[in-house]
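>>> no FASTA, just this:
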């Protein structure tokens, strides 16, 4: 019998040139897009490789041993990443998240973190520097990451039951090793740890309460993410989405929760605090969050841009095209020219995919979006 193959159209090069305008635009830190949304958050993918094969992100049928990853020469160097990050900071970015793929697979990632930690906002403040990881390498790298200047780590973990977790990561990786990585991060002094759980109805939704019980009171914030229609290969179906309202209802049936205000504008997660015996939020018990891009679109205050592994700038997680910044970097453009090219890209942004999707019938997609870029290429 012939081997089943899922075709993947490689659209990593689906990008537009970043144009340097004839009149330079000096960064003011106040860039806004067509909906008045400021640029505040930059997510940087440092590798398109990952050692997991989660079916909602990098299904093994597509990302197999024959899959052609980007050659090293195509990747932005640490110096190129830092240069762009500095220019984005001048335009208003205050937070940088390193992602992938699995960012800890990028050799000497600590050196990049050290360079980024030295950057400052226009008013002299350090950037908030975070990293998302599956934690397979976290136990051995946590202290070095902290020493380099990393502020915080977010760990992806889709269940506590070992059989469920091994099935979801599809490489037979044990949950105990992820938990060891989380403990190592805490021991290294990385505070404000978060754990992200992608919830698929009928796959791992029985792990919601066990995860909440485990992390309650540990100083780790657990966040439940609705299974999203990211990329083109994960076989997304609306009936596998467990709405966040139902997640909260399941939690509240056992664990009293209090709605909390957002900490910052553009925060992706809606916050809920565990209540103490007095019925008020008990900070010692911590909190949970829900990220509801399917059932409750939050496009209205989205302030995030994404820089791909090879220097393509994307303005939405569900984008089908990006802008080529690497060519500017490698063609000799100076900082003023690159900063001037970035500004109109954000100013013309009108992306609101999740909001448009929420206004359509189930399983329908906004017609104009085209084939979306894989999440492993531009980060979550």
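The structure has been received and is ready for your questions. Please read these numbers as outputs of a predicted model, since none were measured by experiment. Numbering: from 1, shown residues only.

>>> what about the strands in the chain?
Using DSSP state E, the strands of the chain run over 15-17, 41-45, 95-99, 128-133, 152-156, 194-199, 221-226, 257-259, 270-274, 287-291, 304-307, 312-314, 322-324.

>>> got those strands as CSV, with distance to residue 244 and mean neighbour count columns?
C-beta coordinates here come from the backbone N, C-alpha and C atoms, glycine included. What follows is those, written out as CSV (distance: least, Cβ to Cβ, whole Å; neighbours: other Cβ atoms under 10 Å):
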stretch, distance to residue 244, mean neighbour count
strand 15-17, 33, 15
strand 41-45, 21, 24
strand 95-99, 21, 23
strand 128-133, 20, 22
strand 152-156, 17, 21
strand 194-199, 9, 22
strand 221-226, 6, 22
strand 257-259, 12, 14
strand 270-274, 7, 19
strand 287-291, 4, 23
strand 304-307, 19, 24
strand 312-314, 25, 26
strand 322-324, 29, 23
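
>>> need these in CSV with mean pLDDT and distance to residue 211, can you?
Converted to CSV, the strands of the chain look like this (pLDDT from 0 to 100; distance: least, Cβ to Cβ, whole Å):
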stretch, mean pLDDT, distance to residue 211
strand 15-17, 85, 38
strand 41-45, 96, 24
strand 95-99, 97, 22
strand 128-133, 97, 17
strand 152-156, 97, 12
strand 194-199, 96, 6
strand 221-226, 95, 6
strand 257-259, 96, 14
strand 270-274, 96, 13
strand 287-291, 95, 9
strand 304-307, 94, 25
strand 312-314, 95, 30
strand 322-324, 93, 34
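
>>> can you list these in TSV and add distance to residue 31?
Output for the strands of the chain, formatted as TSV (distance: least, Cβ to Cβ, whole Å):
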stretch	distance to residue 31
strand 15-17	18
strand 41-45	12
strand 95-99	15
strand 128-133	18
strand 152-156	25
strand 194-199	27
strand 221-226	28
strand 257-259	32
strand 270-274	26
strand 287-291	25
strand 304-307	10
strand 312-314	13
strand 322-324	14
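
>>> Specify the stretch among these that is closest to residue 53.
strand 152-156 (13.0 Å; Cβ to Cβ).

>>> What strands flank that closest one, and is each parallel or antiparallel?
strand 128-133 (parallel), strand 194-199 (parallel) (DSSP bridges).

>>> and it with strand 221-226, angle?
50 degrees (axes from the mean of the first three to the mean of the last three Cα atoms, to 10 degrees).

>>> Check the offset of strand 152-156 from the chain's centre.
Remark: strand 152-156 is offset 10 Å from the chain centroid, using Cα atoms, centre = their mean, to the nearest Å.

>>> Residue 277: what's it in contact with?
Residues counted as contacts of residue 277 (Cβ atoms under 8 Å, 6 or more residues apart in numbering): none.

>>> What separation do you get for it and residue 293?
35 Å (Cβ to Cβ, to the nearest Å).

>>> of all the strands paired with strand 152-156, which lies closest to residue 227?
strand 194-199 (5.9 Å).

>>> and for that closest one, what are the contacting residues?
With Cβ under 8 Å, 6+ apart, strand 194-199 has contacts from 54, 56, 132, 152-159, 182, 204-205, 207-208, 211, 215, 220-227, 242, 247, 289, 291, 380.

>>> just the angle between it and strand 287-291, please?
50 degrees.

>>> Now residue 213. Nearest residue, chain neighbours left out?
Sequence neighbours aside, residue 255 is the residue nearest to residue 213 in space, at 7.8 Å (criterion: Cβ to Cβ, 6 or more residues apart in numbering).
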